[in-house]
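Colleague: Give me coordinates for this.
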Amino acid sequence: MFGSPTAFLLATMITLAAAGGDYAKCETSDGSPWAYDCNNALLDLDDSKCYDLNAQSSGCKNINSYGSCTVTVCVDDNLVYNAPQVPGSFIKEFGQKLQDGCGCKSNNCRVGGYYHVDKAQSSGASDHDCIATGLTYAHVEFTKK
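Modeller: Prediction:
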């Protein structure tokens, strides 16, 4: 049915996106950060700390950087002035799912893209008394620093 593993992966991602729900959008290239650096950027986060989002008008906020990797969280642009928050545990969970979903199972590879969380408010964004009111979706992204 599918001519290659890449075709299968693409078909799976399109199916998930069409059906709604959470999914990894892999954008890995030679210019992507190293998984080792992204893991360390995630490990530096405090699980129970509420990280403020939307400090930038794009709806995205850089949360932490380590080595070649910057961990960013993006949310609906309509929430830019509502200042929602997510806990470190949320960012870690979906950052790890991004790495796993993009096929990087070791620290000796590159990983880039984002993990889309469809119902962020009910997927752990309001844990630890973080203010996630009105938060529909969120993207946890890895970009090169």
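Colleague: going forward, measure contacts between C-alpha atoms and count neighbours the same way
Modeller: Noted.
Colleague: Tell me where the model's unsure across the protein.
Modeller: Applying pLDDT under 70 to the chain flags the ranges 1-20, 54-57, 77-82, 107.
Colleague: Going along the chain, name the strands of the chain.
Modeller: Counting by DSSP state E, residue ranges of the strands within the chain are 23-26, 50-52, 60-66, 69-75, 85-87, 113-117, 138-144.
Colleague: Dump these into a markdown table; add distance to Asp100 and mean neighbour count as well.
Modeller: Shown next, in a markdown table, are the strands of the chain (distance: least, C-alpha to C-alpha, whole Å; neighbours: other C-alpha atoms under 10 Å):
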| stretch | distance to Asp100 | mean neighbour count |
| --- | --- | --- |
| strand 23-26 | 9 | 22 |
| strand 50-52 | 23 | 20 |
| strand 60-66 | 19 | 19 |
| strand 69-75 | 15 | 23 |
| strand 85-87 | 20 | 25 |
| strand 113-117 | 10 | 24 |
| strand 138-144 | 13 | 26 |
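Colleague: which one of those lies closest to Lys105?
Modeller: Nearest to Lys105 among the strands of the chain is strand 23-26 (13.8 Å), distances taken as C-alpha to C-alpha.
Colleague: what's that closest one packed up against?
Modeller: helix 5-19, helix 88-101, strand 113-117 (3 or more C-alpha pairs under 8 Å, 6 or more residues apart in numbering; DSSP states H and E).
Colleague: Apply 7 Å and report the result again.
Modeller: Strand 23-26 makes packing contacts with strand 113-117 when contacts are defined by 3 or more C-alpha pairs under 7 Å, 6 or more residues apart in numbering; DSSP states H and E.
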